[in-house]
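>>> Kindly return the folded structure for what I paste below:
(one chain, ligands or ions: 2)
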Amino acid sequence: MLTMVGYCWLCHQNLYFAHHGICCICHRYLKRQQHVCPRCALPSESSDLPCGRCVRNPPLWQHLIAITDYTQPLSQLIKRYKYHGTPQLAPVLARLFLLHWLQGYREGRWHKPDRILGIPLHSRKRWQRGFDHIELIARPLSRWLQCPYHPGFLQRSRATLTQRGLSAAQRKTNLKRAFKLRGDFADQHVAIFDDVITTGTTLHEASQLLIRAGARSVQAWAICRTL
Ligand SMILES: [Zn+2]
Ligand SMILES: [Zn+2]
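Ligands and ions are numbered 1, 2, ... in the order given. As a prediction, this is how the structure comes out:
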């Protein structure tokens, strides 16, 4: 997936606006999430009402907002971004998320948060990768939406195993008390950004801290949601 500035990352055609990174045709044909539950973003009959799973066992967040399922082409772009040292994809992915979020916002499906947080990377991982892939996306989102982003407010309190390949129970144990929260969240609407949401265990841990700190609502933001 080689590319140069001025060419679409997906189809390699010339871009009219070089900074967009993805052409309008590729953007139009991204396979959006459709007929998914607003709370968990998993397939559901209604996109307006929570699914049976969320009614029985409501998640701590009000909305889980992801552009697409974890499928091509965005899954490939995320891998390229995170594992092949391509931080220049951050504004491209941030813009795709912004457009998706704005559409739902204009339709009145969710409101603007008071603050944005990102799922924190452990310092060792950040060092290995050379950049914080969450922060590089959350920062432009914060600027465009004029909504403060606090990278230090949600922190890792200890190193954890990578969540990939762990069972649901192992994920829970792995992340128990893995985060700590700073700052005042009383009465705040907070958005938490992660690049990919899989089981939601990480998100649950972070949301729990926010709600204990008095947050009024939590929105989960992600580029992709795995099914
Ligand atoms: Zn294209
Ligand atoms: Zn649901």
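>>> For this structure, what lies in contact range of ligand 2?
Within the chain, the positions near ligand 2 by CB under 5 Å from the ion are 37, 39-40, 51, 54. Yep, even glycine has a C-beta here, placed from its N, CA and C like the rest.
>>> What is the nearest of these to Ser123?
Nearest to Ser123 among the residues of the chain next to ligand 2: Cys40, at 30.8 Å, using CB to CB.
>>> does the closest one really touch Gln62, like I thought?
No: using CB atoms under 8 Å, Cys40 is not in contact with Gln62; the gap is 11.2 Å.
>>> So which of the two has more stuff around it?
Cys40 (22 against 19; other CB atoms under 10 Å).
>>> For the more buried one, pull up the helix or strand it's in.
Counting by DSSP states H and E, no helix or strand carries Cys40.
>>> next SSE after the worst-scoring helix or strand of the chain on mean pLDDT?
When the helices and strands of the chain are scored by mean pLDDT, DSSP states H and E, helix 168-175 comes last with a mean of 64. Where DSSP H and E defines the elements, the next helix or strand beyond helix 168-175 is strand 179-181.
>>> Convert the C-alpha atoms of the following helix or strand past that next one to PDB, please.
Where DSSP H and E defines the elements, the next helix or strand beyond strand 179-181 is strand 189-197. In PDB, the C-alpha atoms belonging to strand 189-197 read as follows (Å, rounded to 0.1, in the frame of the first residue of the first chain):
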ATOM      1  CA  HIS A 189     -20.300  14.500  28.900                       C
ATOM      2  CA  VAL A 190     -17.100  12.600  27.900                       C
ATOM      3  CA  ALA A 191     -16.000  10.900  24.700                       C
ATOM      4  CA  ILE A 192     -13.400   8.200  24.800                       C
ATOM      5  CA  PHE A 193     -11.500   7.400  21.600                       C
ATOM      6  CA  ASP A 194      -9.900   4.100  20.700                       C
ATOM      7  CA  ASP A 195      -8.900   3.000  17.200                       C
ATOM      8  CA  VAL A 196     -10.700  -0.300  17.300                       C
ATOM      9  CA  ILE A 197     -13.200  -1.600  19.800                       C
END
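>>> What average pLDDT does strand 189-197 get?
What strand 189-197 shows for mean pLDDT is 96.
>>> Now do it: which elements does it pack against?
helix 74-83, strand 115-118, helix 135-145, helix 201-212, strand 217-225 (3 or more CB pairs under 8 Å, 6 or more residues apart in numbering; DSSP states H and E).
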